[in-house]
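>>> With the sequence up front, the predicted model follows.
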Amino acid sequence: MGFHSKNCHECGHSMLSSHATSGRNEWMSDVIAITSHGDLHSGEYDGYGGIGGADFFMAGLDDSTSYHVACWEMEGKPMEYRGDSDHAEDQGFFFAGPQHDLPDPRTVSADVFEGAKSDAERYDPTNPPEECHDCGEECDGLEAWQDDFDVALCEGCAEDRRADEEEDALV
Ligand SMILES: [Zn+2]
Ligand SMILES: [Zn+2]
């Protein structure tokens with residue numbers, strides 16, 4: 001079975017393969033699932049449907065309520081099965097933007113978390129920004145500046161920034 005994931009019952013974002021997390025959203029690969037039989041599995045999500053070494057089908061995870069552990073804790077650690085969680089379209093792996101760039105809800109206020117969530121959800125991978133962040137020109141082939149998807153640059157501006165960085169490095 002290939003990459004596969006479910007969406008968290010609470011926040012609606014997918015359980016992420018630990019290979020697809022950045023520092024900030026590492027918490028999204030720490031997950032827990034309660035199966036329709038009442039079994040509880042928690043641990044690191046392996047990206048292939050397994051949680052903490054439990055197999056997706058063998059362990060009954062194909063019919064389970066899934067959460068990020070952080071979201072589950074914020075929700076008061078519910079122990080009961082609440083219906084089969086949705087399958088994640090991006091399979092917890094196939095995304096190339098800040099769609100899941102969320103801070104751990106246990107470490108920030110609810111307002112900060114909701115703000116980051118709506119920013120992340122507004123990002124549309126099929127409709128990336130068309131204007132350069134620095135010069136405001138519209139052009140094709142904008143590139144994200146150093147993994148910062150809010151800063152899309154045209155070739156010229158990206159080169160300017162690289163030149164500036166090199167200069168700074170020489171000082
Ligand atoms: Zn969640
Ligand atoms: Zn530009």
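Happy to help now that I have it. Ligands and ions are numbered 1, 2, ... in the order given.
>>> Up against ligand 1, what does this structure have?
Selection of the chain residues close to ligand 1 by Cβ under 5 Å from the ion yields 8, 10-11, 68, 71. Using the backbone N, CA and C atoms, a C-beta is placed for each residue, glycine as well.
>>> Swap in 6 Å and give it another go.
Within the chain, the positions near ligand 1 by Cβ under 6 Å from the ion are 8, 10-11, 13, 67-68, 71.
>>> Of the residues you listed, keep whichever come out buried.
Buried residues within these, counting neighbours by 16 or more other Cβ atoms under 10 Å: 8, 10-11, 13, 67-68, 71.
>>> quick one: least confident of the residues of the chain next to ligand 1?
Model confidence across those bottoms out at His13, which has 92.
>>> got a list of what that one touches?
7, 28, 68, 99-100, 102, 117, 120 (Cβ atoms under 8 Å, 6 or more residues apart in numbering).
>>> The helix or strand hosting Ala120: what's the following helix or strand?
Element membership for Ala120 (DSSP states H and E) is helix 110-122. As assigned by DSSP H and E, the chain's next helix or strand after helix 110-122 is strand 143-145.
>>> and that next one with ligand 2, contact?
No. With Cβ under 6 Å from the ion as the criterion, ligand 2 is not reached by strand 143-145; the gap is at least 10.5 Å.
>>> For the protein, which segments are assigned as strands?
Using DSSP state E, the strands of the chain run over 30-35, 40-44, 64-68, 143-145, 148-153.
>>> would a markdown table of those strands with distance to Val171 be doable?
Conversion of the strands of the chain to a markdown table gives the following (distance: least, Cβ to Cβ, whole Å):
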| stretch | distance to Val171 |
| --- | --- |
| strand 30-35 | 42 |
| strand 40-44 | 43 |
| strand 64-68 | 43 |
| strand 143-145 | 21 |
| strand 148-153 | 23 |
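>>> Burial-wise, tell me which of those strands comes out on top.
Mean neighbour count, computed with mean count of other Cβ atoms under 10 Å, is highest for strand 64-68 among those, reaching a mean of 26.
>>> Could you name the helices and strands sitting against that strand?
With contacts taken as 3 or more Cβ pairs under 8 Å, 6 or more residues apart in numbering; DSSP states H and E, strand 64-68 sits against strand 30-35.
>>> Now do the strand it packs on against strand 40-44: the angle between them, please.
Counting by axes from the mean of the first three to the mean of the last three Cα atoms, to 10 degrees, strand 30-35 lies at 160 degrees to strand 40-44.
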